[in-house]
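A.B. asks: I'd like to go over a predicted model; first the sequence, then the structure.
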Amino acid sequence: MRDGLVTRCALAGAALAAAGAVALRVRALDPHLVRGRCGLALVYTMRDDAGERVRVMRTGRVFQSATYLGERRMEPPFAYYRAFARVFDLRPDAHRLLVVGGGGFAFPKLVAAGHPGVRTEVAEIDPAVIRAARRWFFLDEAVARARAAGGDLTVVCDDGRSVLERAEPASLDAVVLDAFVGAEPVRRLATVEALRLVRRALAPGGVCLANVVSRSGGADVGFLRSFVATALTVFPHVEVAPATDERHAEEDNYLVVASTGPLGLADAIPFDADFLGEVLLDASSFSPGPAPARRFTLSKRS
C-alpha cells in the first residue's frame, strides 16, 4: 500500500492504526464484508486463546479493531486500547476528550462505560466504518451509556487534522491519536505542525496519547524514534510505555504520552538523545534510518 493511500485512509484513523500489530489465529465465523474508503474490510467473530468470543474488523492481514461479545462488550480486547485509559491515571479530572480514529470505537466504549460524565468526541474519516461500528461494535449502546451517565459520545465523520484545526484553544483535557500504521507511518498527524495543533487544543496540563507500532517483528522502531523526537519539539514532557499484548502481538505497541506538565509513568522506558530520530515536518519526507541495535536498553535521559 502506498504512503499516499495510507495517509488518506487513516488521517482520522479508520483505525488501521496499531491494531495491525495484533494477530489472532482462529477460525472466522459469521463473516460480513464492508466496503470503505480503504477498500474491503471483513467483519467476523472468532474465539481468542482464552475461549472468549471476539468480533474483529480486518483489512487484509491487518486487524482494525475488535470487541468482546456478551457482558464484556464494552471492554477493549487489546492491550493498547486499555493503555489509553491511563489518561485517567495521569489526569483524574479529565472530562473532555478528542479521539482521532474510530474503527470499532474500543477506547470510546471503555470511557462511556467506566467514566461517567466524560464528553468524548471521535473523529473517524470513513462513514462505512462508522456504520459498521453501529451495527457490529455496539457504538449506539456506548452513546446511550455515556449520555445516561451525564457525559456524551459524539462522532464526527471528518479528517482528524481538520477537527484539530477547528478545535477551540485550551478546550480539551486529552487528545488520543490512534491513526498510525506501523509499516507505513501516517505523517499528517505526527508532524510538528500537527502536534502544535494538539497542544493548542489542550487545556493547561492536558495530555496527548498516541499509539505507535514497531516494524519487522519489533526490531524496527524508527517511526517511534521520530515521533518521540517530534513530540519533544512541541511538549516539554514526553514518555514512552509498553502497550503490547504478548499473547496476540506480531509487532510491539508503544504508548507515547506528551504534556506541558510532568507525567511520571511508573513503567516509562528510559531513553537518551541517541534514541531520538528525525523530527517530522509537513514539508519533509519520512526517512527514519536504521533502528538502534539495542531495543530500549538505553540509558536514562538527564
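C.D. replies: Everything's here; your move.

A.B. asks: so where's this protein shaky on pLDDT?
C.D. replies: For the chain, residues meeting the criterion pLDDT under 70 lie at 1-28, 38, 60-62, 180-185, 246-249, 285-302.

A.B. asks: Can you give me the neighbour number for residue 158?
C.D. replies: 14 (other Cβ atoms under 10 Å). Yep, even glycine has a C-beta here, placed from its N, CA and C like the rest.

A.B. asks: How about it, nearest residue that isn't a chain neighbour?
C.D. replies: Of all residues not flanking residue 158 in the chain, residue 123 sits nearest, at 5.7 Å (Cβ to Cβ, 6 or more residues apart in numbering).

A.B. asks: Quickly note the distance from the residue nearest to the spatial centre of the chain to residue 111.
C.D. replies: Nearest to the geometric centre of the chain sits residue 178, at 2.2 Å (Cα atoms, centre = their mean). Distance of residue 178 to residue 111, computed by Cβ to Cβ, to the nearest Å: 13 Å.

A.B. asks: likewise residue 54?
C.D. replies: From residue 54 to residue 111 the distance is 20 Å (Cβ to Cβ).

A.B. asks: Any idea what the residue lying closest to residue 262 once chain neighbours are set aside is bridged to?
C.D. replies: Nearest residue to residue 262 in three dimensions, chain neighbours excluded: residue 237, at 5.8 Å (Cβ to Cβ, 6+ apart). Beta-bridge partners for residue 237, by DSSP bridges, are residue 259.

A.B. asks: give the contact list for residue 237.
C.D. replies: By Cβ atoms under 8 Å, 6 or more residues apart in numbering, the residues touching residue 237 are 258, 259, 260, 261, 262, 263.

A.B. asks: ok, back up a step: is the residue nearest to residue 158 in contact with residue 103, as I believe?
C.D. replies: No: Residue 123 is not in contact with residue 103 according to Cβ atoms under 8 Å; the separation is 11.6 Å.

A.B. asks: higher neighbour count, those two?
C.D. replies: Higher neighbour count among residue 123 and residue 103: residue 103, with 32 against 24, using other Cβ under 10 Å.

A.B. asks: Is the more buried one in a helix, a strand, or coil?
C.D. replies: Classification of residue 103 by DSSP: H, G, I helix; E, B strand; the rest coil places it in coil.
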